[in-house]
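>>> Have a look; sequence and predicted model below, questions after that.
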Amino acid sequence: MRKNKNHNVVLVGAQWGDEGKGKIIDLLAQKSDYIVRYQGGNNAGHTVCFDNEKIVLHLIPSGILHPKKICVIGNGVVIDLEAFFEEIKMLAQNGVSVKGRLFVSDRAHVIFPYHKLIDQLREDEKGSKKIGTTKKGIGPCYADKANRLGIRVVDLMNPHVFRERLKIVLAEKNLMLKKIFNHAPFSFDEIHRTYSRLRKRIAPYVRNTSLLLDQAARSGKKILFEGAQGTLLDVDYGTYPYVTSSNASAGGAIIGTGMSAARIDEVIGVVKAYTTRVGEGPFPTEFPPQLMAHIRERGEEYGATTGRPRRCGWFDALVTRHSVLVNGLSEIVVMKLDVLDDLPKIKICVAYKFRGRRYRDFPSDIEVLEGARPIYEEHPGWQSSTKFAKKWSELPPNARKYLKRLEQLLQVPISIVSVGSERSQTIFINGRYQ
Ligand code: IMP
């Protein structure tokens, strides 16, 4: 990290999520004062090695595992309060106290039980056209926010406002449940009672976090913005409609926290050395079944939130170049290089072909994406272990050539290469971040 600079960094997933951001956030958190989540909710799953154990955080910033770091859940996040307290309990069981260093934006929207139910009912009704959501109520909660039917933390904090808002919102939800889904209604009293109890528990965490972060930035504190999901799941820049409902790309950090764009110094993108996605939607470089099973086992490619097997495929330079562009990435972190260790040949997708036309830039048309035939470059594998490499020069020559080719295609330098889940299995290129 650049020295003597008030360094505020946004870390984003540059593919379809699950790139391994948890490990990198954990590394960068050591050099940061504040760690901030700006979008998504408990659909995320950030896995971090802590005291030789794997801890998965869904909602609370992964930086919380470092004592003394301040963690913030920004206004762009949607909060399932029950999941929030479950996570605090899990952290306490692991000896991590959040007292006085975890804050929640008063403007963040709250996920209610009807959001989760509607998420599930919609998916069930869509059948084979489903999105494959995590069923955590994320989409319906963001939809209510845009529809001006949401309930924010600050609304919950005010008993009068909460009662009035819930009355209006629940009347509409119950009508929808009855007319569209033929489902039993929710009881106003039950939700009102449960969330009035939660109001008392959430109160100590609630702040105007834009103000908090502005004060932090003015006093020279270093802020790390922890993106969840990935750019290709971004509601604007992803493979719409097979996306999540928030801005997972770097722009989300501005809107989702209230921090000025002028205060962001750098945007770092995280990619896997190959590609994965969970849920439905186009994936041009998806592996055939045998290779899929092989890489899934080697890479332990199962969703950290839902346990679903991840779909796996070759590295797609169109996907990642698109991410470089919409995020303004200044550097790239490559994860899980070791998963490719035993392959004799490794492919990189450099273009798509659809109905006789060649695409070099990532298309937005869903029909093109669904029918795209990937054009590959083929590279010889290195067929030796990279797991113990500690520096660039210790990587096999073919692994270095592969990484150099990625850099060339993306036109962005690679700053870190990860070859295993341990903190020690990390190669820092040119001494960055050390
Ligand atoms: P939702 O965010 O639950 O609405 O799900 C929408 C899409 O985003 C689905 O394809 C999910 O599998 C995907 N998704 C949501 N969160 C994550 C994540 O943290 N990692 C990877 N995929 C995710």
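Thanks, I have it.
>>> what does the stretch 201-350 of the chain have sitting close to the ligand?
Among all residues of the stretch 201-350 of the chain, those adjacent to the ligand (criterion: CB under 6 Å from any ligand atom) are 228-229, 233, 244-245, 278-279. The way it works is simple: take the backbone N, C-alpha and C, and place the C-beta from them, glycine included.
>>> try the stretch 1-150 of the chain
Going by CB under 6 Å from any ligand atom, the residues of the stretch 1-150 of the chain near the ligand are 17-18, 43-45, 131-134, 136, 138-139.
>>> can you tell me which of those are in helices?
Counted as lying in helices by DSSP state H, out of these, are 138-139.
>>> wait, what's in contact with whichever residue of the stretch 1-150 of the chain sits closest to the ligand?
Residue nearest to the ligand within the stretch 1-150 of the chain: residue 17 (2.9 Å; CB to the nearest ligand atom). Taking CB atoms under 8 Å, 6 or more residues apart in numbering as the definition of contact, the neighbours of residue 17 are 44, 228-230, 232-233, 248, 277-278.
>>> quick one on the thing from earlier: what's the most distant pair in the residues of the stretch 201-350 of the chain next to the ligand?
Among these, the pair separated by the greatest distance (CB to CB) is 245 and 278, at 15.6 Å.
>>> Which parts of the chain are helices?
Assigned by DSSP H, the chain shows helices spanning 21-29, 81-93, 113-126, 138-146, 153-157, 159-179, 188-202, 209-218, 251-255, 289-298, 317-327, 366-371, 397-410.
>>> Tell me which of the ones you listed sits most buried.
Neighbour counts (mean count of other CB atoms under 10 Å) averaged over each of the helices of the chain peak at helix 21-29, with a mean of 24.
>>> Which neighbouring elements make contact with that one?
Counting by 3 or more CB pairs under 8 Å, 6 or more residues apart in numbering; DSSP states H and E, the packing neighbours recorded for helix 21-29 are strand 9-13, strand 46-50, strand 223-226, strand 266-272, strand 331-335, strand 414-418.
>>> closest one to residue 376 among these?
Sorting these by CB to CB, the top spot, which is the nearest, belongs to strand 266-272 at 17.0 Å.
>>> What mean pLDDT does that closest one get?
Per-residue pLDDT values over strand 266-272 give a mean of 97.
>>> which residues sit against that strand?
Contacts made with strand 266-272 from outside it, assessed by CB under 8 Å, 6+ apart, are listed as 7-15, 18-21, 24, 28, 231, 250, 299, 315, 320, 323-324, 327-336, 339, 412, 415.
>>> Please name the strands paired to it in the sheet, noting orientation.
Strand 266-272 pairs in its sheet with strand 9-13 (parallel), strand 331-335 (parallel), by DSSP bridges.
>>> Poorly predicted segments of this protein, please.
Residues of the chain meeting the criterion pLDDT under 70: 1-6, 431-434.
>>> For it, which residue gets nearest to the ligand?
Checked against the ligand (CB to the nearest ligand atom), the nearest residue in the chain is residue 279, 2.3 Å away.
>>> Need the phi and psi values for that residue.
Torsion angles at residue 279 (phi, psi; degrees, to the nearest 10) stand at phi 90, psi -180.
>>> give the contact list for the residue nearest to it when sequence neighbours are not counted.
In space, residue 279 comes closest to residue 132 once its chain neighbours are excluded; the distance is 3.0 Å by CB to CB, 6 or more residues apart in numbering. With contacts defined as CB under 8 Å, 6+ apart, residue 132 is in contact with 123, 242, 278-281, 308.
>>> Tell me, how many residues neighbour residue 307?
Neighbourhood size, residue 307 [other CB atoms under 10 Å]: 9.
>>> So in that sheet, which strands flank the longest strand anywhere in the chain, and in what orientation?
Using DSSP state E to assign secondary structure, the strand with the most residues in the chain is strand 345-354. Looking at strand 345-354 with DSSP bridges, its paired strands and their directions are strand 315-316 (parallel), strand 357-359 (antiparallel), strand 373-380 (antiparallel).
>>> Could you check how far the nearest residue to residue 363 once chain neighbours are set aside is from residue 26?
Excluding the flanking residues, the one nearest residue 363 by CB to CB, 6+ apart is residue 369, at 6.0 Å. When CB to CB, to the nearest Å is the yardstick, residue 369 and residue 26 sit 33 Å from each other.
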